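J.: Provided below for reference: sequence and predicted model.
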Amino acid sequence: MRVLIVEDDKDLNRQLTEILDHAGYAVDQSGDGEDGWFLGDTEPYDAVVLDLGLPTLDGVSVLERWREAGRDFPVLILTARDRWSEKVAGFDAGADDYLTKPFHPEELLARLRALTRRAAGHASSMLELGDLAIDTRGARVFIAERLVKLTSHEFRLLSYMMHHRDRVLSRTELVEHIYDQDFDRDSNTIEVFIGRLRKKIGSNRIETVRGLGYRLVDPEAGRASAQAG
């Protein structure tokens, strides 16, 4: 999952980036409202962490512009402990959740996991497709309850595909969502990671849709349908 952090406090911005990067997210950063608005308006983020007290353009205005432009990614706003009015303004502008400073890293991660799950139409932290399961909280993958070891990029790719398993995902979409802005984006790297995933979880679990991209499938469901036919 790719996340944008818009926070003008340099220390907090750095801490947030480290927390999310360690948890396996691709992270982009911004320190002011205008730049943050531009990134959110032009890049396909899966979630945004947005401070409301920003220079050049306040967070509420940033959020209102995004929503007016049809940008529907989930937004977690950061507020000061005694600023209840900020929370109300943030929700009215289109925020999905809030976190009060100071906060514990685990609460931030839990709220982001919940937001991205709900945005993709999932309620549980355990995502399943046949006997393939992803524990989004522990960043672990299982096949028939057997732990499968993946690299961070392999996990990002599989997690995104699992969150959107009902769709065919193009190479471009996958690149945009699993790499941060500064990464040298080459769609050919997706083919490399797809190949690695197929070796680890089974080649029949990732279907190539010629000219369109890839889709995560349950091979047993395919066999059952064929037998029924």
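T.: Structure's in. What do you need? Since this is a predicted model, take the numbers as computed values, not measurements.
J.: Which stretches in the chain count as helices?
T.: Using DSSP state H, the helices of the chain run over 10-22, 33-42, 59-68, 84-93, 105-119, 152-163, 171-178, 187-201, 219-228.
J.: Show me what the second one is in contact with.
T.: In other words, helix 33-42. Residues outside helix 33-42 that contact it (C-beta atoms under 8 Å, 6 or more residues apart in numbering) are 4, 6, 28, 30, 45, 48, 50, 54-59, 61-62, 65-66, 69, 71, 73, 181. For every residue, glycine as well, the C-beta is placed using N, CA and C.
J.: from the residues you listed, which would you call buried?
T.: 4, 6, 28, 30, 45, 48, 50, 54, 57-59, 61-62, 65-66, 71, 73 (16 or more other C-beta atoms under 10 Å).
J.: just for the protein, where's the confidence low?
T.: 81-82, 181-187, 222-229 (pLDDT under 70).
J.: the domain parsing of this structure - what is it?
T.: Domains of the chain are assigned by the TED database as 2-120, 126-221.
J.: tell me how far the longest one is from the chain's mean position?
T.: Averaged C-alpha coordinates place domain 2-120 at 13 Å from its chain's average position (C-alpha atoms, centre = their mean, to the nearest Å).
J.: Next: the shortest one.
T.: Distance of domain 126-221 from the chain centroid (C-alpha atoms, centre = their mean) equals 13 Å.
J.: Number the residues from 159 up from this point.
T.: Done: numbering now begins at 159, and the last item shifts to domain 284-379.
J.: gap between the two ends of that domain?
T.: By C-alpha to C-alpha, to the nearest Å, the extent of domain 284-379 from end to end equals 19 Å.
J.: Bridge partners for the closest residue to residue 175 other than its chain neighbours, pull those for me.
T.: Excluding its sequence neighbours, the residue lying closest to residue 175 (C-beta to C-beta, 6 or more residues apart in numbering) is residue 185, at 5.1 Å. Beta bridges link residue 185 to residue 161 when assigned by DSSP bridges.
J.: Quick check: residue 185 vs residue 288, distance?
T.: Distance of residue 185 to residue 288, given as C-beta to C-beta, to the nearest Å: 31 Å.
J.: So which of these two has more stuff around it?
T.: Each of residue 185 and residue 288 has its neighbours counted (other C-beta atoms under 10 Å); residue 185 has more, 20 against 14.
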